[in-house]
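S.K.: prediction below, plus the sequence it came from.
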Amino acid sequence: MYEAVRRRVALLAALACALPLIGLAAGPAAAASRPAKAGIVWMTHQITRTGPTVSLRVEWARVSGASIYEIEYAAASGAITTDEVQRSRTKKVKRLRGDRDNVQAVMIDGLNPGTTYCFQVRGQNSAGYGYRGGPHCKVTVRTSRAVPATSIPLVVGTWNTCSSACANSLGAWSTRGPWVRNRIEQMDVGSGGRAVDVLAVQEGNEATSYLTDELDGTFTRGCQTGDGTGNRYEDNQSVFVRDATYEIVPDTNGGLNFEQYDDKAHGACWVKVREKDSGQEVVVVGLHLWPQNSALGDSRRAEQTDDVADAVNAAFPGETIVYAGDFNSTRSRGTDAPLKRLYAEGQDDAYDQALRYLSRPTRNSACGTSTTIRNSWTWGDHVDRVFAPPGVHVASWEVDYRLDGSRYASPMISDHNPVLVSLLIPRAT
């Protein structure tokens, strides 16, 4: 009995040893996988160098499986396409070893000032390359935007409050108004930086009178579209001025609407403000242009921009003028008519010229009514814009959004988030 059991155990052991030889042998080690597809890059700041050149800090989300990254970039040739980098004969590549941080970063040096560049990234490991992320494009700072030797600060905000148009989707203004007021009172650069000095408000047909009363003692309304007689459509655009830092220059406010284009809901207003510390004066224009995304819309915005700029230049010849508002236009439109007109006067979109981005530049200021974050990848594609006049330094740019994890915080109080821009204006001699 014992001998039979012993022989059976020995047989089983022999079979177990033989299994690898009869087809259950371990196969070869699994081949390494290529990295996952990369995301799209964004920029956090740029630095002007002697020469002159510009250095740009590029960031992107860590790519699963990547040990090496390639950042490919090229100067844009004109209208931006999805293969802008790859088809360029001037494409350059920078390689770096990755780490375990959730966000990867590199400084790209030697860029030309005032030039549009597009960037892509892909991961690499021993198995090869992963797929590239899409391109993201950026205009580099001009040498004329250097920090002035002496300057006055001006933080400009612009916010489309959607006071009545969002009633069905986001709730009545009577509910949202206090939240809008609180947000304005909290507006500052970054976290705890300088508070907003002037704020351009759009779609304020319910917001303008409310904010005039509720912000009294902190802000003074400097202008509103039209002559301020209380017509519903004349309250749509307004500019508010912080009492602690700036004061309104009397009898300098004005405005217009676009009634001649059968567009009473849009228009502009302007006012001259004076910094209290220095006594230096700046003209601030708040405006809202025609929204349609079409060739007709481009043409209409061109006419409206001309109307506003002509009126403001006539009222304040040779003076420092800052434009802020919902332009309903970006570089992605067929013709960026506002940029084209203002550029001819030495104005630049502050988004292009900012040295620092205090929020993700890809997160669109036009946020919609859903808490899902809207990203605009190829460009920032922000219709909410501030234009900086010649010689003015753009220290920072940001969208003032509130997040709850990976979503916008609820309740949403407008279909736009405010844009805040920190300017340094050369001090008058």
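M.R.: Right, received. Where do you want to start?
S.K.: check what pLDDT Pro35 gets.
M.R.: Pro35 is assigned 97 on the pLDDT scale.
S.K.: nope, Gly192 is what I meant
M.R.: pLDDT at Gly192 comes out at 83.
S.K.: let the chain start at 851 from now.
M.R.: All set: I'll call the first residue 851, so the last point we hit is now Gly1042.
S.K.: quick one: neighbours of it, just the number.
M.R.: For Gly1042, the neighbour count with other Cβ atoms under 10 Å is 7. Backbone N, C-alpha and C define where each C-beta goes, glycine included.
S.K.: just confirm it is within a helix.
M.R.: No: Gly1042: not assigned to a helix; according to DSSP: H, G, I helix; E, B strand; the rest coil it is coil.
S.K.: torsion angles phi and psi at it?
M.R.: phi 80, psi 10 (degrees, to the nearest 10).
S.K.: now Gly1136
M.R.: With angles defined as degrees, to the nearest 10, Gly1136 sits at phi -110, psi 130.
S.K.: local confidence estimate at the residue lying closest to it once chain neighbours are set aside?
M.R.: Once flanking residues are discounted, Gly1136 sits nearest to Ala1050: 3.1 Å by Cβ to Cβ, 6 or more residues apart in numbering. pLDDT recorded at Ala1050 is 98.
S.K.: give the pairing partners of the helix or strand hosting Ala1050; include direction for each.
M.R.: Using DSSP states H and E, Ala1050 sits in strand 1048-1052. When sheet partners are counted by DSSP bridges, strand 1048-1052 sits next to strand 1001-1010 (parallel), strand 1088-1092 (antiparallel).
S.K.: beyond the shortest one, next helix or strand please.
M.R.: Just to be clear, that refers to strand 1088-1092. strand 1096-1098.
S.K.: next one: the longest one
M.R.: Helices and strands here follow DSSP H and E; after strand 1001-1010, the next one along the chain is helix 1017-1020.
S.K.: and that next one, what's buried?
M.R.: For helix 1017-1020, a neighbour-count test (16 or more other Cβ atoms under 10 Å) marks Leu1020 as buried.
S.K.: got the contact list for it?
M.R.: Contact with helix 1017-1020 is made by Cys1012, Trp1023, Arg1026, Thr1219, Pro1261, Met1262, Ile1263, Ser1264, Asp1265, as judged by Cβ atoms under 8 Å, 6 or more residues apart in numbering.
S.K.: ok, of these, which come out buried?
M.R.: By 16+ other Cβ under 10 Å, the contacts of helix 1017-1020 give Cys1012, Trp1023, Arg1026, Met1262, Ile1263, Ser1264, Asp1265 as buried.
S.K.: now tabulate these in CSV and tack on secondary structure and pLDDT.
M.R.: CSV is the format used below for the buried ones among the contacts of helix 1017-1020 (DSSP: H, G, I helix; E, B strand; the rest coil; pLDDT from 0 to 100):
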residue, secondary structure, pLDDT
Cys1012, coil, 97
Trp1023, helix, 97
Arg1026, helix, 98
Met1262, coil, 96
Ile1263, coil, 97
Ser1264, coil, 98
Asp1265, coil, 97
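S.K.: mind putting those residues into CSV with distance to Gly1043?
M.R.: As requested, the buried ones among the contacts of helix 1017-1020 are arranged in CSV below (distance: Cβ to Cβ, whole Å):
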residue, distance to Gly1043
Cys1012, 26
Trp1023, 29
Arg1026, 26
Met1262, 25
Ile1263, 22
Ser1264, 22
Asp1265, 26
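S.K.: closest to Arg947 among those residues?
M.R.: Arg947 has its nearest neighbour among these in Met1262, at 41.3 Å by Cβ to Cβ.
S.K.: so how far is Trp1009 from the closest one?
M.R.: Counting by Cβ to Cβ, to the nearest Å, the gap from Met1262 to Trp1009 is 13 Å.
S.K.: His1243 now?
M.R.: Going from His1243 to Trp1009 by Cβ to Cβ gives 23 Å.
S.K.: and the two? Which one has more around it.
M.R.: Shown here are His1243 and Trp1009; by other Cβ under 10 Å, Trp1009 has more neighbours (31 against 20).
S.K.: my read is that the more buried one contacts Ser1264, right?
M.R.: Yes: with contact defined as Cβ atoms under 8 Å, Trp1009 reaches Ser1264; the gap is 7.2 Å.
S.K.: partner strands of the helix or strand that contains Lys944, parallel or antiparallel?
M.R.: Counting by DSSP H and E, the element that carries Lys944 is strand 942-947. Here strand 942-947 is paired, per DSSP bridges, with strand 918-925 (antiparallel).
S.K.: could I have the CA atoms of stretch 1206-1223 written out in PDB?
M.R.: Below are the C-alpha coordinates for stretch 1206-1223, written out as PDB (Å, rounded to 0.1, in the frame of the first residue of the first chain):
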ATOM      1  CA  ARG A1206       2.700  85.000 -17.500                       C
ATOM      2  CA  TYR A1207      -0.500  82.900 -17.700                       C
ATOM      3  CA  LEU A1208      -2.100  82.500 -14.300                       C
ATOM      4  CA  SER A1209      -4.700  80.000 -15.600                       C
ATOM      5  CA  ARG A1210      -4.600  77.300 -18.300                       C
ATOM      6  CA  PRO A1211      -4.700  79.400 -21.500                       C
ATOM      7  CA  THR A1212      -6.500  76.500 -23.300                       C
ATOM      8  CA  ARG A1213      -9.600  76.800 -21.000                       C
ATOM      9  CA  ASN A1214     -12.000  79.000 -22.900                       C
ATOM     10  CA  SER A1215     -13.400  82.100 -21.200                       C
ATOM     11  CA  ALA A1216     -16.700  81.400 -23.000                       C
ATOM     12  CA  CYS A1217     -17.500  78.500 -20.700                       C
ATOM     13  CA  GLY A1218     -21.100  77.700 -21.700                       C
ATOM     14  CA  THR A1219     -23.800  76.600 -19.200                       C
ATOM     15  CA  SER A1220     -22.400  73.200 -18.400                       C
ATOM     16  CA  THR A1221     -19.800  72.400 -15.700                       C
ATOM     17  CA  THR A1222     -17.800  70.500 -18.200                       C
ATOM     18  CA  ILE A1223     -14.600  72.400 -18.900                       C
END
